[in-house]
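S.K.: from the sequence below, what's the structure:
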Amino acid sequence: MEYNFGDDKKSAYQAQFDAQKIAFAPIMFQAARALRNLGILEKIKTCKEGITIEEIAKDLKLLEYGVKVLLEAGLSLELVYAKDYKFFITKTGWFMMADELTKVNMDFTHDVNYLGFHDLEKSIVNGKPEGLKVFGNWTTVYEALSELPEQVRESWFGFDHYYSDNSFPVALPVLFESNPEKILDIGGNTGKFSIKCAEYNPDVKITILDLPGQLKDAYKNIEEHGFSDRIDGYAINLLDHTKKYPTGYDIVWMSQFLDCFSQEDILELLKKAKKAINENGAVYIMETFWDNQLTDAGRYSLVATSLYFTCIANGNSQMYHTNDMYKLIEKAGLKIEKIYNKVGVSHTILKCVIN
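M.R.: Residues are numbered from 1 along each chain as shown. The predicted model follows:
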């Protein structure tokens, strides 16, 4: 795909206005979140004939001043509109309040990213996730996951699982087209996908590769679902390229995994994945490529997520362009046999075989 996007055809008036939106974005983000969390948007939504500031304040037991300044921000954000001193919900306001995708992204932004992004510039200059230090002395967020504050963990996993869970119903039939007996789930996290595989096929055996902290959570979930006899784990620091993967697998599965690494690391990970599969095996890569989205909302969300990787996660990865991944797959001695688009919310699956 071509690396072409956008133009510069705005009027100067519109360009200046858009620049002010950016300048005040962190403040207005918190205003939108407060309108949601305090129940103001929900209250307006339920009043089809409109509702006044005074009525909202009384019903929600809030100060009129606070409701007033938030709603005036809401007017500029186009979350609400006003007529004859009464407020009404807009379509954007409805999405802010009721859309699960928006909720997941907003909670992730606030709980995981907001404080740390003060150090985005430093992260760019140093090539390290300088924003992560707000949670402690960690090299990457993946090492910290099991020890992050509960609300941060909840929002992190909520974000991660929302995107992956919606892809499972499409991904499982793709993965089991060749009736695999052994699957290596690299970066399997809490074991959610491996459990889905075990439920989908009563004979398949799965090994999860991940850090010890993640495997601890995975083992608990696996035992609760009764699959300890078919799902095991292999503790490994995936950034230690001297460590080999176990071998003899029909499929290596990498779901929302490679975006967590730099291009240099991805190349090494793919080379080891190639060695882990049988001669007729396949490496399946499921990723959200920013250039392969159906909507502007999807593309916008993904390029913003890239900056999370820069500032919080690890300092050197991103949501990749398809061309980046295609080149790395070829360098690793693999070739793309089949591409599955429109998987879940925003995913693409690449089936790769030995070249």
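S.K.: pull the CA atoms of stretch 346-355 into CSV?
M.R.: The C-alpha coordinates for stretch 346-355 follow below in CSV (Å, rounded to 0.1, in the frame of the first residue of the first chain):
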residue,chain,number,x,y,z
SER,A,346,-9.6,-3.4,13.0
HIS,A,347,-7.3,-6.4,12.5
THR,A,348,-5.6,-8.1,9.7
ILE,A,349,-4.3,-11.7,9.8
LEU,A,350,-1.2,-12.6,7.8
LYS,A,351,-0.6,-16.3,7.2
CYS,A,352,3.2,-16.8,6.7
VAL,A,353,5.0,-19.9,5.6
ILE,A,354,8.6,-20.8,5.1
ASN,A,355,10.0,-19.2,2.0
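S.K.: distance from stretch 38-53 to the middle of the chain?
M.R.: Centroid displacement of stretch 38-53 relative to its chain, using Cα atoms, centre = their mean, to the nearest Å, is 31 Å.
S.K.: and stretch 289-297, what's buried?
M.R.: Of the residues in stretch 289-297, 289, 290, 291, 292, 293 count as buried by neighbour count, 16 or more other Cβ atoms under 10 Å. For every residue, glycine as well, the C-beta is placed using N, CA and C.
S.K.: ends of it, how far apart?
M.R.: 13 Å (Cα to Cα, to the nearest Å).
S.K.: average pLDDT for whichever strand or helix holds residue 125, rounded please.
M.R.: Residue 125 belongs to helix 120-126 when assigned by DSSP states H and E. Across helix 120-126, the average pLDDT comes to 97.
S.K.: number the residues from 11 up from this point.
M.R.: All set: I'll call the first residue 11, so the last point we hit is now helix 130-136.
S.K.: just the buried residues of that helix, please?
M.R.: For helix 130-136, the buried set under the neighbour-count rule, 16+ other Cβ under 10 Å, comprises 130, 133.
S.K.: likewise for stretch 282-290?
M.R.: For stretch 282-290, burial by neighbour count (16+ other Cβ under 10 Å) applies to 282, 283, 284, 286, 287.
S.K.: about what we covered before: send the alpha carbons of the helix or strand that comes right after the helix holding residue 135 over as CSV?
M.R.: Using DSSP H and E, the helix or strand that directly follows helix 130-136 along the chain is helix 151-154. What follows is helix 151-154, C-alpha atoms only, in CSV (Å, rounded to 0.1, in the frame of the first residue of the first chain):
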residue,chain,number,x,y,z
VAL,A,151,5.2,-1.8,30.8
TYR,A,152,5.1,-5.5,30.2
GLU,A,153,7.4,-6.2,33.2
ALA,A,154,5.3,-3.9,35.3
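S.K.: what segments of this protein are strands?
M.R.: Under the criterion DSSP state E, the chain contains strands at 90-93, 96-99, 192-196, 215-220, 241-245, 259-265, 287-297, 344-353, 357-364.
S.K.: using a markdown table, lay out these together with distance to residue 334.
M.R.: Compiled in a markdown table, the strands of the chain are given as follows (distance: least, Cβ to Cβ, whole Å):
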| stretch | distance to residue 334 |
| --- | --- |
| strand 90-93 | 41 |
| strand 96-99 | 41 |
| strand 192-196 | 19 |
| strand 215-220 | 23 |
| strand 241-245 | 28 |
| strand 259-265 | 15 |
| strand 287-297 | 10 |
| strand 344-353 | 13 |
| strand 357-364 | 12 |
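S.K.: Throw those strands into a markdown table and include mean pLDDT and distance to residue 48, thanks.
M.R.: Listed next are these as a markdown table, based on pLDDT from 0 to 100; distance: least, Cβ to Cβ, whole Å:
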| stretch | mean pLDDT | distance to residue 48 |
| --- | --- | --- |
| strand 90-93 | 97 | 13 |
| strand 96-99 | 98 | 14 |
| strand 192-196 | 97 | 41 |
| strand 215-220 | 96 | 39 |
| strand 241-245 | 95 | 43 |
| strand 259-265 | 96 | 37 |
| strand 287-297 | 96 | 37 |
| strand 344-353 | 95 | 37 |
| strand 357-364 | 96 | 34 |
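S.K.: the ones you listed: which one's closest to residue 183?
M.R.: Taking Cβ to Cβ, strand 344-353 is the member of these nearest to residue 183, at 9.9 Å.
S.K.: that closest one pairs with which strands, and in what direction?
M.R.: With DSSP bridges as the criterion, the sheet partners recorded for strand 344-353 are strand 357-364 (antiparallel).
S.K.: for residue 296, see how far away residue 320 is.
M.R.: 22 Å (Cβ to Cβ, to the nearest Å).
S.K.: between these two, who's got more neighbours?
M.R.: More crowded of residue 320 and residue 296, by other Cβ atoms under 10 Å: residue 296, with 25 against 22.
S.K.: got the contact list for the more buried one?
M.R.: Residue 296 is in contact with 177, 181, 263, 264, 265, 266, 353, 357, 358, 359, 360, counting by Cβ atoms under 8 Å, 6 or more residues apart in numbering.
S.K.: could you find the closest non-adjacent residue to the last one?
M.R.: With sequence-adjacent residues excluded and distances taken as Cβ to Cβ, 6 or more residues apart in numbering, residue 360 is closest to residue 295, at 4.4 Å.
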